[in-house]
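1. this is a predicted model, with the sequence first.
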Amino acid sequence: MENPVLVEVTRGPMVESVHRGMVAVFDTDGASLLSLGDVEKPVYLRSAIKVMQAIPLVESGAADALKLTNRELALACSSHSGEAEHIALAEAMAKKAGMGAADFECGSHWSFEPKILIDQVRKHEKPNVFFNNCSGKHAGFLCLACHSGVDHHGYSGYDHPVQAGVRDVMEDLTGAKLSHETCGTDGCNIPTYAMSLKSTAIAFARMGSATGLSSQRGLAAKRLIDASMAEPFYVAGTGRMCTRLMQAAPGRIYAKTGAEGIYCAAIPENGIGIALKAEDGATRAAESMMAALLAKQFADEPELAAVLSALATTQMKNWNKTHVGTVRPAGPLA
């Protein structure tokens, strides 16, 4: 199956590049509201499903025992930019579990926020693990291990109880059989699994509305999604698309990006889940696709739809700040 062109990039009067993609929009009953491209093909969901990976943190009682706030729960589901607030909160979460930088297994990288990165370089500061965009998730894993009384060493490994528990949750939510055959290693060193966009969209529909899941799992998923919608800055950061989409409709849209052109979302009030992938892995395409899809879901609210539609289109400027082209939805998303 050839996936349709869903985003195009113009320069002057012509289309210079196109991005093909796959889109799955489903409800809690598993009914398709929109299906574009091969939504049955397993793809790595990467960081877009961090909310699934955080469910054991809540279900186990660790979140309550350690008195984790909404901001901390949002950070556990985040791919943050490494801004000062993110770094401080990740470190604070680790301290609640009696852990420090040496206990993290995610590695380190420079901040995603340009101003902070430049300041780091000027000061010749080497980034530590708390700058890693996944440090909130790893802090959550450490909190879970601490509360569960298991040795936290090697918590990022496939066979560690923390990851085995995460895998069980993901299988339950998606119906997928996860194993070494469908497993890769994510950028932050934990297992990442290939699943279909269809099953993922259904899972997000059910998580957002706490429907079709066991009582405990539904409440845990909804608590994490609600926390993320309440604190969108801690899910991503300044100017990031996840943050901007959730800020456009506070408490009504949950959105989370993943590497290689993955994006997932939930509209809890309507019981709708969305999962998509830009075939070539381009973030600019995935962001345009998601904003356009959300705009369509809120078509009966013209003001909100207009805000979301504006986020779906990016005006490109050259280094002289001259407008040179546009990234915009195309085909069935136009």
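-> Looks like it came in fine.

2. give me the number of residues near the residue nearest to residue 126 when sequence neighbours are not counted?
-> Leaving aside its sequence neighbours, residue 126 sits nearest to residue 108 (CB to CB, 6 or more residues apart in numbering; 7.8 Å). For every residue, glycine as well, the C-beta is placed using N, CA and C. Neighbours of residue 108 under the rule other CB atoms under 10 Å: 15.

3. dump the residue contacts of residue 108.
-> Shown in contact with residue 108 (CB atoms under 8 Å, 6 or more residues apart in numbering): 126-129, 131-132.

4. quick check: which element contains it?
-> Per DSSP states H and E, residue 108 falls between elements, in no helix or strand.

5. how close does it get to residue 283?
-> 21 Å (CB to CB, to the nearest Å).

6. ditto for residue 224
-> Using CB to CB, residue 224 is found at 23 Å from residue 283.

7. more crowded one of these two?
-> Shown here are residue 224 and residue 283; by other CB under 10 Å, residue 224 has more neighbours (27 against 16).

8. next, the more buried one: phi, psi?
-> phi -70, psi -40 (degrees, to the nearest 10).

9. phi and psi next, for the closest residue in space to residue 189 that isn't next to it in sequence.
-> Excluding the flanking residues, the one nearest residue 189 by CB to CB, 6+ apart is residue 156, at 4.6 Å. For residue 156, the backbone dihedrals (degrees, to the nearest 10) come out as phi -90, psi 0.

10. do the same with the one 3 residues further on
-> Its backbone dihedrals place residue 159 at phi -90, psi 0, with angles given as degrees, to the nearest 10.

11. tell me who's in contact with it.
-> Neighbours of residue 159 in contact, by CB under 8 Å, 6+ apart: none.

12. below-threshold pLDDT in the stretch 1-150 of the chain: ranges please.
-> 124 (pLDDT under 70).

13. what is the burial count for the residue lying closest to residue 97 once chain neighbours are set aside?
-> Closest residue in space to residue 97, ignoring its immediate chain neighbours: residue 146 at 3.9 Å, by CB to CB, 6+ apart. Residue 146: 19 surrounding residues under other CB under 10 Å.

14. wait, residue 146 sits on residue 103?
-> No - the pair residue 146 / residue 103 is not scored as a contact, 9.6 Å apart, by CB atoms under 8 Å.

15. between the two, which contacts overlap?
-> Listed contacts common to residue 146 and residue 103 are residue 152; contacts here mean CB under 8 Å, 6+ apart.

16. for the residue nearest to residue 126, give its distance to residue 85.
-> 18 Å.

17. now do the helices in the stretch 51-200 of the chain.
-> 62-65, 70-76, 84-96, 114-122, 135-148, 161-174, 197-209 (DSSP state H, counting those that start in this stretch).

18. report the buried residues of the shortest one.
-> Think helix 62-65. Residues of helix 62-65 classed as buried: 62-63 (neighbour count, 16 or more other CB atoms under 10 Å).

19. so which elements touch it?
-> Applying 3 or more CB pairs under 8 Å, 6 or more residues apart in numbering; DSSP states H and E, we find helix 62-65 packed against helix 135-148.

20. which parts of the helix it packs on are buried?
-> For helix 135-148, burial by neighbour count (16+ other CB under 10 Å) applies to 135-147.

21. and which of these is nearest residue 64?
-> Each of these was checked against residue 64 using CB to CB; the closest is residue 147, at 9.4 Å.

22. in contact with that closest one, which residues are there?
-> Contacts for residue 147 (CB under 8 Å, 6+ apart) come out as 60-62, 65-66, 97.

23. how far away is it from residue 58?
-> 11 Å.

24. before we move on, what about residue 77?
-> 11 Å.

25. compare neighbour counts for these two and give me the winner.
-> Legend: neighbour count by other CB under 10 Å for residue 77 and residue 58, higher for residue 77 (28 against 24).

26. now the residue nearest to residue 126: phi and psi?
-> Dihedral angles (degrees, to the nearest 10) for residue 108: phi -130, psi 160.

27. ok, so what distance separates it from residue 186?
-> 15 Å.

28. do a quick rundown of the strands in the chain.
-> Ranges of strands within the chain are 5-11, 14-27, 32-36, 42-44, 183-185, 191-196, 254-258, 262-267, 272-278, 314-317, 323-329, based on DSSP state E.
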